[in-house]
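# Predicted model follows, preceded by the sequence.
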Amino acid sequence: TTNISKHFFMDEPIGREKDKDSKKYKNKLTKYGFHSINEIEISKKIKQLPHYLNNYLVVEEYRSVDNNHLHNNSVCDKINTATGDRYLMLKYKTQKLSFFNDYLVQFTEPKLFIMNVIYSVSYIAKGLVQLNKNGICFFDLSPQNIVFNLDIGEKPVIFNFKNSLQIDKLDTTYIAN
């Protein structure tokens, strides 16, 4: 994805500073389909929430990947052109993140561990309530989809919205997908 990201200029630093310590974007190459489009649409909805970066890690930008427009097709070896599959490059803000289990394992004292778990669960619950109030039902709550954002005071952040539902779009086709 690094070579493809450079082609799309999606790995540029955020902000004006372009030094090695400035935050950059993280990119993910994914198949174009219901789940990738769903994640993009839900991300757009979440970005309308005030201070959304404090609670959620969402797609900031996306581009369609077309083999025919790449200058060097060898960077697309992993993209199977024979099937005609379409791909998207999803762009996320990179922050200092620690996965849920990795973060909590640092608290060896039981009291600190329990206090941090209780704090984390209540903070995540507030984030889930905020999503529900805004018509989004998050369906994939697991330690793999929670990270601690070390840039904003070690707060838990929810990500991976591809399996979530938009309540206002509920119909038989949407639910079947």
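Cool, got the structure. Note that the structure is predicted; figures quoted are calculated from it, not measured.
# any low-confidence regions in the chain?
Within the chain, the ranges that satisfy pLDDT under 70 run 1-24, 66-84.
# Please enumerate the strands of it.
For the chain, strands defined by DSSP state E occupy the ranges 25-31, 56-57, 61-65, 87-93, 97-99, 136-137, 146-149, 155-159, 165-166.
# Please identify the deepest-packed of the ones you listed.
The highest average neighbour count among the strands of the chain, using mean count of other Cβ atoms under 10 Å, belongs to strand 56-57 at a mean of 22. C-betas here are computed from N, CA, C, even on glycine.
# who's in contact with that strand?
46, 49, 92-93, 95, 97, 127, 147, 149, 157-159, 161 (Cβ atoms under 8 Å, 6 or more residues apart in numbering).
# which of these sit farthest apart?
Greatest spatial distance among the contacts of strand 56-57 (Cβ to Cβ): 49 and 97, at 19.6 Å.
# For residue 107, give me its contacts.
Here residue 107 is in contact with 113, 116 (Cβ under 8 Å, 6+ apart).
# what would the strands of the chain look like in CSV with distance to residue 172?
Below are these laid out as CSV (distance: least, Cβ to Cβ, whole Å):
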stretch, distance to residue 172
strand 25-31, 23
strand 56-57, 28
strand 61-65, 27
strand 87-93, 26
strand 97-99, 36
strand 136-137, 16
strand 146-149, 31
strand 155-159, 27
strand 165-166, 13
